[in-house]
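Trainee: Let's see this in three dimensions:
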Amino acid sequence: MAVSISENMNIEGKRNSLYYSLLAILALALIFSLILQFFPFLFNSSTDQIRVGIVDSGCSLDQSQYVSQYVSFTNTSYGYNTDDMQVYDSLNHGQYTCQLLIDNIDDEIKEKSAISIISAKIAHSDGTLTFDGLFAAVDWLIDQDVEIINLSLGSESIITEEMMRSFELYSETVIFVAASGNKGSTEYISQGNGDWPAMLPWVVGIGAYQDNIDDPADFTISGRSYFGNYVSEFSADGFYGSLRGTSIATPIVTAKIVNLMYQLSQNNLELGPGEIMAIFSKTTSFWNGDTNLFDEYLGWSVPLDDYDITELIDPSFIINGPDELDIHNRLVGESWELSWKTYSYDLTDINLEFTGNGTDLLIDYTIELKPWGGTLSLIFNSTETASGLYNLGINNPYGNNMEYSFNLLNGKKGKVLFDHRTGINGYGHPYGEFSQLESIIRGKGFIVEHAIYPSDPELDDYNAIVVPNLYGILDVSGREFASDFTDEKLARYNNYISSGGNLIGMADIPVRTNIKGINSFINPYGLNYTSEEISSNSDEVTIYNITKIDLMNGVSNINFYGGEIVSSENKTQEFGWYRKEIVGQFQQTISIYQSIGADLHPNGSLLLFGSTYTITNENLVTLYYNHFDGFIVNYLERILA
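Mentor: Numbering: from 1, shown residues only. This next block holds a predicted model:
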């Protein structure tokens with residue numbers, strides 16, 4: 001067949017077109033391969049991936065293989081002074097959080113692109129964070145269908161309705177993992193110093209170890225939070241290069257939870273947060289160790305890498321509590337309640353067995369199951385019980401057993417209330433930062449009870465009331481929080497004092513005290529808070545100039561860090577003075593004396609100190625340096641006279 005030139009050109013054109021099409025297809029395939037290698041998240045649906053949110057100072061650009069989205073909330077809309085639109089880390093914190101998370105996720109998960117990390121930046125390049133930025137970031141992450149949120153951050157716990165209920169609504173579907181804080185100590189009782197939000201019962205709190213898994217870091221948090229739960233539930237290595245802190249340990253634990261969730265998905269199990277954490281607890285070193293015991297510093301300690309998931313999927317009820325001897329002696333005639341955080345998997349009907357002579361005082365117990373876990377509460381009454389050592393075994397056929405022990409003493413003389421409702425931090429509770437002082441008071445025969453928001457005790461039931469952080473305020477991340485000390489509460493205090501009650505008010509340093517508010521309370525009694533801080537380089541000082549009065553018998557010095565409270569009327573007696581040297585108008589050195597507090601005797605008594613710090617565990621642990629315990633003993637003897 002003859003072919004014309006035009007037809008031949010058409011055939012050649014078609015051949016060239018096919019050739020170039022093949023080249024284009026090969027090029028597209030190569031590009032697709034490269035995109036799939038470096039940006040796998042673009043081709044994976046969210047249902048195939050475990051989605052983890054990191055709220056921090058931002059991940060880095062070179063982590064984009066696993067970080068699917070970078071978003072910044074550091075702008076003036078959320079309370080920052082300036083707009084910082086950079087989405088990547090500029091503070092050398094968030095990128096390490098992200099890297100620790102990535103490094104500890106199983107390789108199989110990463111190879112299958114089954115992980116998607118979303119970076120929500122809330123730390124401004126100038127180092128500031130705001131609560132508005134944090135809440136906005138969490139809300140946004142929830143909208144992105146994340147299953148875990150890592151919070152390698154925290155602040156002083158603030159007891160307001162807003163802060164106490166934070167993230168509770170989301171906790172039914174999302175696991176929150178947060179650093180428990182670095183304000184602990186292995187040298188003194190640091191009960192209750194857990195950071196917000198780790199202290200919240202629906203948030204998983206993370207502690208840190210150093211050197212080995214049995215050795216808590218010297219800064220890690222121990223003990224019960226405001227809500228009664230142990231704040232550190234799990235732990236990991238708290239050191240990474242030059243960095244140290246529970247924020248370093250947190251992403252390691254988050255990664256281990258991701259690994260477990262992946263294995264659960266491979267077994268076609270879709271579980272809620274509390275169910276996942278019940279199984280997760282059984283993957284840890286302490287659960288699988290010789291004692292099978294929870295630790296007050298480290299929780300269940302380090303999640304292990306090697307376990308058979310099929311052996312862990314059985315009905316379980318996990319109690320996050322150690323074998324413990326109550327740090328407080330109890331008194332015959334006292335009633336009290338204790339609670340522990342729990343996790344439950346595949347259980348709705350839980351029957352515990354109680355053993356030991358402690359059953360003589362156990363009058364009831366409740367188990368409240370929640371999507372994030374739950375609470376076991378025990379209620380005791382010792383009205384008709386003899387003194388002695390009591391042990392209560394909590395035998396749990398679905399998980400771990402534990403034992404709670406306490407000493408019960410005779411000699412009840414009265415009741416003292418610690419009223420924390422005028423302060424705003426979360427350390428005021430039965431095992432909080434004043435537990436050392438409580439032990440001293442209990443040793444003198446007084447039952448100690450605590451009023452915490454939103455309780456409303458009858459003040460006349462108590463021989464004395466201690467009010468820490470009187471008229472407290474906090475300025476945190478640009479927001480001021482103030483205690484809700486209403487006129488009604490003020491009137492009740494005044495009525496209590498005028499009817500013969502005994503009240504000790506403990507103020508704080510001026511920047512943490514509502515000066516106008518406190519003076520509205522104490523000015524009518526001839527006392528004045530001057531707003532002058534008593535300290536040396538913003539640290540505590542030792543007061544040696546103690547007034548020679550009965551209340552100060554045996555008290556040679558008191559450690560103090562707070563504000564000046566002076567007496568303006570003869571009916572008050574100042575306790576002691578701090579000598580400060582200042583430079584006068586003609587450059588001469590002038591000594592001035594600042595009063596640390598005063599005693600008032602109307603019908604009852606009002607004692608006011610300018611330092612809540614004086615009564616904290618940290619300050620009372622070494623009584624050689626602080627003789628405030630002697631003052632307390634004298635005071636208790638006076639009110640009983």
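
Trainee: Check which helix or strand residue 141 maps to.
Mentor: Using DSSP states H and E, residue 141 sits within helix 131-143.

Trainee: Of all the residues in that helix, which ones are buried?
Mentor: For helix 131-143, the neighbour count (16 or more other CB atoms under 10 Å) marks 131-138, 140-142 as buried. All C-beta atoms are positioned from the backbone trio N, CA, C, and that covers glycine.

Trainee: for stretch 157-169, same thing?
Mentor: 157-159, 163-164, 166-167.

Trainee: So which of those residues belong to helices?
Mentor: Among the buried residues of stretch 157-169, the members falling in helices (DSSP state H) are 163-164.

Trainee: still on that earlier bit, quick check, nearest of the buried residues of helix 131-143 to residue 315?
Mentor: Of all those, residue 142 has the smallest distance to residue 315: 30.1 Å, by CB to CB.

Trainee: Return the residues in contact with the closest one.
Mentor: Contacts for residue 142 were tallied using CB atoms under 8 Å, 6 or more residues apart in numbering; they are 170, 174.

Trainee: Pull up the gap between it and residue 52, please.
Mentor: Going from residue 142 to residue 52 by CB to CB, to the nearest Å gives 13 Å.

Trainee: show me where the stretch 501-641 of the chain has strands.
Mentor: Using DSSP state E, counting those that start in this stretch, the strands of the stretch 501-641 of the chain run over residues 502-506, 527-534, 541-543, 545-546, 558-560, 562-567, 572-574, 576-583, 589-595, 597-600, 605-609.

Trainee: what does stretch 316-324 contact?
Mentor: 229-230, 233, 277-279, 281-282, 293-296, 299-300, 340-347, 350, 376, 394, 396, 398-400, 402-405.

Trainee: Restricting to C-alpha, output the lengthiest strand in the chain in PDB.
Mentor: The longest strand of the chain (DSSP state E) is strand 335-345. The C-alpha trace of strand 335-345 is given here as PDB (Å, rounded to 0.1, in the frame of the first residue of the first chain):
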ATOM      1  CA  SER A 335     -14.400  10.600 109.400                       C
ATOM      2  CA  TRP A 336     -12.500  10.900 106.100                       C
ATOM      3  CA  GLU A 337     -12.600   9.900 102.400                       C
ATOM      4  CA  LEU A 338      -9.800   8.800 100.100                       C
ATOM      5  CA  SER A 339      -9.900   8.300  96.300                       C
ATOM      6  CA  TRP A 340      -7.700   6.900  93.600                       C
ATOM      7  CA  LYS A 341      -7.900   7.200  89.800                       C
ATOM      8  CA  THR A 342      -8.700   4.000  87.900                       C
ATOM      9  CA  TYR A 343      -8.700   2.600  84.400                       C
ATOM     10  CA  SER A 344     -11.100  -0.100  83.300                       C
ATOM     11  CA  TYR A 345     -11.300  -2.400  80.300                       C
END
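
Trainee: Which helix or strand lies directly C-terminal to that strand?
Mentor: Sequence order places strand 353-355 as the next helix or strand after strand 335-345, per DSSP H and E.

Trainee: which helices and strands does that next one pack with?
Mentor: With contacts defined as 3 or more CB pairs under 8 Å, 6 or more residues apart in numbering; DSSP states H and E, the packing partners of strand 353-355 are strand 388-395.

Trainee: Direction included, what does the strand it packs on pair against?
Mentor: The pairing partners recorded for strand 388-395 under DSSP bridges are strand 353-355 (antiparallel), strand 402-409 (antiparallel).

Trainee: deepest of those, which one?
Mentor: A comparison of the strands paired with strand 388-395 by mean neighbour count, using mean count of other CB atoms under 10 Å, puts strand 402-409 on top with a mean of 19.
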